[in-house]
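have a look at this prediction, sequence included:
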Amino acid sequence: MRKLNVILVYNRDGNRILMCKREKEPYKGKFNLVGGKVEENESELEAAYRELEEETGIITNDIKLTHMMNFQYKILDMELEVFVGKLNKEVDLVEEVNKLYWIDKNENFFDVNKFAGEGNIGHMFKQAETLIFE
């Protein structure tokens with residue numbers, strides 16, 4: 001089964017979410033969470049931290065990630081692992097391919113015209129809010 005991950009990154013104040021704007025299909029031109037592929041012989045958490053650093057410059061010392069949920073897509077033989085974390089300090093972002101943006105957490109992440117994932121980002125965000133701010 002092919003494994004991918006996405007990471008919900010909150011800023012230090014917890015009022016914004018880090019997103020990228022897709023440069024290619026699928027979802028070209030829409031906002032998406034950062035993340036990528038899990039390499040063979042790599043743990044889920046190692047992959048999440050590696051992808052986060054590659055795409056944003058955020059390193060392990062900047063954030064503690066929690067594995068929140070997985071989505072299995074049986075027909076596609078794919079699993080999407082979802083991680084969440086809140087920065088413990090201000091960071092300078094380093095873009096890899098996609099331009100990075102801080103999006104206000106009060107956005108409608110279910111808006112499929114603006115955000116990738118057919119509403120999945122909205123669902124992930126609602127679940128993450130219970131973890132981050134309990």
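That came in fine, so what should we check first?

now do the SS call for Gln127.
helix (DSSP: H, G, I helix; E, B strand; the rest coil).

with Gly36 instead?
strand.

now do it against Glu107, distance only.
23 Å (CB to CB, to the nearest Å). Yep, even glycine has a C-beta here, placed from its N, CA and C like the rest.

so what's the residue count around Gly57?
15 (other CB atoms under 10 Å).

ok, it touching Val94?
Yes - using CB atoms under 8 Å, Gly57 is in contact with Val94, at 3.1 Å.

can you work out which residues contact both of the two?
Common contacts of Gly57 and Val94 (CB atoms under 8 Å, 6 or more residues apart in numbering): none found.

what about the helices in this protein?
Under the criterion DSSP state H, the chain carries helices at the ranges 44-56, 120-132.

check which residues of the helix or strand of the chain with the lowest mean pLDDT are buried.
Lowest by mean pLDDT, DSSP states H and E among the helices and strands of the chain is helix 120-132, with a mean of 90. Buried residues in helix 120-132, counted by 16 or more other CB atoms under 10 Å: 120-125, 128, 132.

in TSV, list those along with distance to Asn41.
Listed next are the buried residues of helix 120-132 as TSV, based on distance: CB to CB, whole Å:
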residue	distance to Asn41
Asn120	28
Ile121	29
Gly122	33
His123	30
Met124	27
Phe125	31
Ala128	28
Ile132	31
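
which among those gets closest to Lys21?
Ile121 (13.2 Å; CB to CB).

how far away is that closest one from Gly57?
22 Å.

hey, what's Glu81 bridged with?
Note on Glu81: beta-bridge partners Asn5, Asn70, judged by DSSP bridges.
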